[in-house]
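Enquirer: Dropping the sequence and predicted coords here.
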Protein chains: 2
Amino acid sequence: MKKIALLPLLFTAIIYAQSNDQKMLADIYKFSLTKSTCYSWLDDLSNKVGSRLSGSVGAEKGVIYTKQQLETLGLDKVYLQEVMVPKWVRGEKETAYILDDKLKINIPICALGGSVATAKSGVTAEVVEVKSLKELETLGEATLKGKIIFYNRPFEPENIDAFKSYGKCVDQRYYGAKEASKYGAVGTIVRSMNFRLDDFPHTGAQSYGDLPKEKHIPTAAISTNAAELLSKKLKENSKLKFYMKLSCQTFDDVLSHNVIGEIKGSEHPEKIMTVGGHLDSWDLADGSHDDGAGVVQSMAVVECFKKLNYKPKNTIRVVLFMNEENGGRGGKKYEDVSRRNDENHIFALESDAGGFSPRGFSFDCDEANFQKVNSWKYLFEPYFIHNFVEGGTGSDIEPLTSNKIVKAGLKPDSQRYFDYHHAANDTFDAVNKRELELGAATMASLLYLFDQYGID
Amino acid sequence: MKKIALLPLLFTAIIYAQSNDQKMLADIYKFSLTKSTCYSWLDDLSNKVGSRLSGSVGAEKGVIYTKQQLETLGLDKVYLQEVMVPKWVRGEKETAYILDDKLKINIPICALGGSVATAKSGVTAEVVEVKSLKELETLGEATLKGKIIFYNRPFEPENIDAFKSYGKCVDQRYYGAKEASKYGAVGTIVRSMNFRLDDFPHTGAQSYGDLPKEKHIPTAAISTNAAELLSKKLKENSKLKFYMKLSCQTFDDVLSHNVIGEIKGSEHPEKIMTVGGHLDSWDLADGSHDDGAGVVQSMAVVECFKKLNYKPKNTIRVVLFMNEENGGRGGKKYEDVSRRNDENHIFALESDAGGFSPRGFSFDCDEANFQKVNSWKYLFEPYFIHNFVEGGTGSDIEPLTSNKIVKAGLKPDSQRYFDYHHAANDTFDAVNKRELELGAATMASLLYLFDQYGID
């Protein structure tokens, strides 16, 4: 009898919770589309602070600006976390050209992050075009020595998720110099990581790995149009030469900061839920999509909770990570401090895929929690959020592994991301206000649900 | 016994059909992202043909260009369908300013389609700001006579679907002049149909309804920034004046054309499936999103079928409608001819919501067919197509009602549409190649499925 009598109560409770959740998500989306400060923060971060490469003045201005803004939100705590970061400086604008007999064709080029400079007079050499790192092996030192290696495997256009195409190409950028150097190459250039044929060279991280310093060779990206042109010219004249001059320099590590704000949990203050993006950007633009968007969306999540007067059960921590682009030191430092303090992170969410229309999330968690997330899908349907997948969340939260934790990454529409990624056109005007705000709302909604129902 | 023996066969057949469909969709998406001509067609249509307002030289160039291109595809039939269209000409670029005592502030303005001109010396009057047509009633002739009525109800930002906000505002543009004229107003201006605060005035259709000609008053749109400014200035000085000069003119109707191409059905040639967009655009830009995108996507559907050597069971007809923007004559004419020829249209699909990332379709059909469509959802999941809704497809296919028919409209992501809609920035560079191609693939996939399984 007792069991039967409880059943209607149980149903009532479930329906009540559902409609509460529906109402909360409606409030979150409405707030985000009508009152969120995120777009105005992004305007400041992009147009007043500007580019924020780790170790630069811009990065430090970004730290000060976002800390100040978080301090206006009435959080329980706002503080900086010290982190030593690499300091690499591009120097004078790069120059490059194709020397085809007497013809000189200027080429849009930019050094890759961490590259060494060329000699002051630049480097000039014949070019060997390859489509993969593996091809170097086949060609061998006899062919490659003294040459500039040109990595020209394009993005596969047939992938629906643009990040898949990136994932299948980026080894050329990241390991290109390291591998080519082993065969005596004097420099490498890589086709920009971009679907589109345009004139923007896209920078990005590269690594010499454990090569000794004297083996470090200059490495740069050229625009996709330039890559097409160079490839065509090489077919006509395999003996043409390529000239480039890079003036970049690496200095000693410098002190920088993660910026952290906190709302203390009302029921489980010891359980921590992190939401973040990375504050540093590349130096060619103000990094509005990468990752200004993620920064202001994360700030907007806590703003939304405060303004809606939502008191989270768990501690919500917004973390603006430093140095995602060329070192990942902020993410590592955050995990390191957290582990040493024996903190219990139960959930972490990162936004680092651009301020485009949100489509869903990727999750790094066990099956039970993934099922739980999927049971919330109906709540997201009115907001056109549909794409919940497993695997690959965000590199700043990747180190958080000491406790049982659910990690998530916001998945915006990916089609336009690489039009701007790490290039001079990743600027404020490339971000649509509503798309940015919808992303923030989607993040706040997921955080709210995990706060309400915990992890399994 | 027989029944039991058939069961495994039935399952095999279903699974076979499923995997065939999955393969076909994979082929369609791959073709569209790697080999479709649609982006290059759009480049030509936008940058070589240019703007295509009904009755203009551009519109006729668009007719010739798209017919020529369809003729290269090896269709069974390509032809023009005559349609008489209105010819309205903007004339000299409009000017407008606020006259606030001695201060003169220039205002970005554009006449609405079909508006009459002002006197050559322009019109100057005090301004009454309203937020709705209904407000005119309350204010009455005493307040409105001799004034310029300023409709300033903004887009509601809280709607997730941008078209909902448009639907709730556009009466101000469409009926504003007609209603204000009844109270003796001398002109109307409307806040542009746009979320964003910017400097683009957005034109669009308006109607004087059955008002006698002498009651037609000049009507124009001002940019959202200008609307904010004017509203602010009016609060400071309700006696300020607004000046505008419009030089537009309406001529007699002229002959134009729908452009039609056909693949004859291999099994049911008498059953017709239409896919289309509208060839005309507004005159302020080349209409790359509205509706160059829909035009080239529709052409891409038949290109894809031909190149994949898919032989449709039913007749597939690509229709590029003329005069959607200011008359809808192409759609009406197409239906009229079709009805008179006793044609049997079973399916019609329109793309007229921009070349953005496709999210799904709207459907105008009975419940059985909507359920059928929903049973195909799993096929679309790998392509992130998830949003199948009922109601509101496309205005060119709206007249098709004589037979039992399923109608559908492509639903791309709507957030950025009104940044460009009917404004000078609706240009080729605002369209992303992959987003456009994904739309074409999504349309071809739906058409393929209806071709395979018919309608209920």
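Expert: Structure received.
Enquirer: does A:Asn225 really touch A:Asp198, like I thought?
Expert: Yes. Shown here, A:Asn225 and A:Asp198 form a contact pair, counting by CB atoms under 8 Å, at 6.1 Å. Where C-beta positions appear, they are placed from N, C-alpha and C, glycine not excepted.
Enquirer: Now do the strands in the stretch 51-200 of chain A.
Expert: For the stretch 51-200 of chain A, the strands defined by DSSP state E, counting those that start in this stretch cover A:77-89, A:95-100, A:103-106, A:109-111, A:123-130, A:148-151, A:187-191.
Enquirer: in the second one, what's buried?
Expert: The neighbour-count check on strand A:95-100 (16 or more other CB atoms under 10 Å in any protein chain shown) flags A:Ala96, A:Tyr97, A:Ile98, A:Asp100 as buried.
Enquirer: Not counting its neighbours along the chain, what's nearest whichever residue of the stretch 351-456 of chain A sits closest to chain B?
Expert: Proximity of the stretch 351-456 of chain A to chain B (CB to the nearest CB) peaks at A:His386, 4.1 Å away. By the measure of CB to CB, 6 or more residues apart in numbering or on different chains, the closest residue to A:His386 outside its immediate chain neighbours is B:His386, 4.1 Å from it.
Enquirer: Around that neighbour, how many other residues sit close by?
Expert: The tally of other residues near B:His386 (other CB atoms under 10 Å in any protein chain shown) stands at 17.
Enquirer: which residues touch it?
Expert: When contacts are counted by CB atoms under 8 Å, 6 or more residues apart in numbering or on different chains, B:His386 is found next to A:Phe384, A:His386, A:Asn387, B:Arg359, B:Gly360, B:Lys377, B:Phe380.
Enquirer: Contacts only, for the first one.
Expert: Shown in contact with A:Phe384 (CB under 8 Å, 6+ apart): A:Ser357, A:Arg359, B:Ile160, B:Arg359, B:His386, B:Asn387.
Enquirer: If we use 7 Å, what do you get?
Expert: B:Ile160, B:Arg359, B:Asn387 (CB atoms under 7 Å, 6 or more residues apart in numbering or on different chains).
Enquirer: still on that earlier bit, so which of the strands of the stretch 51-200 of chain A gets nearest A:Asp252?
Expert: strand A:77-89 (7.0 Å; CB to CB).
Enquirer: Torsion angles phi and psi at the nearest residue to A:Lys407 once chain neighbours are set aside?
Expert: Distance criterion CB to CB, 6+ apart; nearest residue to A:Lys407, sequence neighbours excluded, is A:Asp364 at 4.1 Å. For A:Asp364, the backbone dihedrals (degrees, to the nearest 10) come out as phi -120, psi 100.
Enquirer: Only alpha carbons, please: show stretch A:165-176 as CSV.
Expert: What follows is stretch A:165-176, C-alpha atoms only, in CSV (Å, rounded to 0.1, in the frame of the first residue of the first chain):
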residue,chain,number,x,y,z
SER,A,165,40.0,18.2,-40.8
TYR,A,166,42.2,20.2,-38.5
GLY,A,167,43.1,17.2,-36.5
LYS,A,168,44.2,15.4,-39.7
CYS,A,169,46.5,18.2,-40.8
VAL,A,170,48.0,19.9,-37.8
ASP,A,171,50.9,17.5,-37.4
GLN,A,172,52.5,19.3,-40.3
ARG,A,173,52.5,22.5,-38.4
TYR,A,174,53.3,21.1,-35.0
TYR,A,175,56.1,18.6,-35.9
GLY,A,176,57.1,19.9,-39.3
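Enquirer: The closest residue to chain B within the stretch 201-350 of chain A: neighbour count?
Expert: Proximity of the stretch 201-350 of chain A to chain B (CB to the nearest CB) peaks at A:Thr224, 12.1 Å away. For A:Thr224, the neighbour count with other CB under 10 Å is 24.
Enquirer: Kindly give a single ChimeraX line that selects the buried subset of the contacts of B:His386.
Expert: Command for ChimeraX that selects the buried part of those, burial taken from 16+ other CB under 10 Å:
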select /A:384,386,387 /B:359,360,380
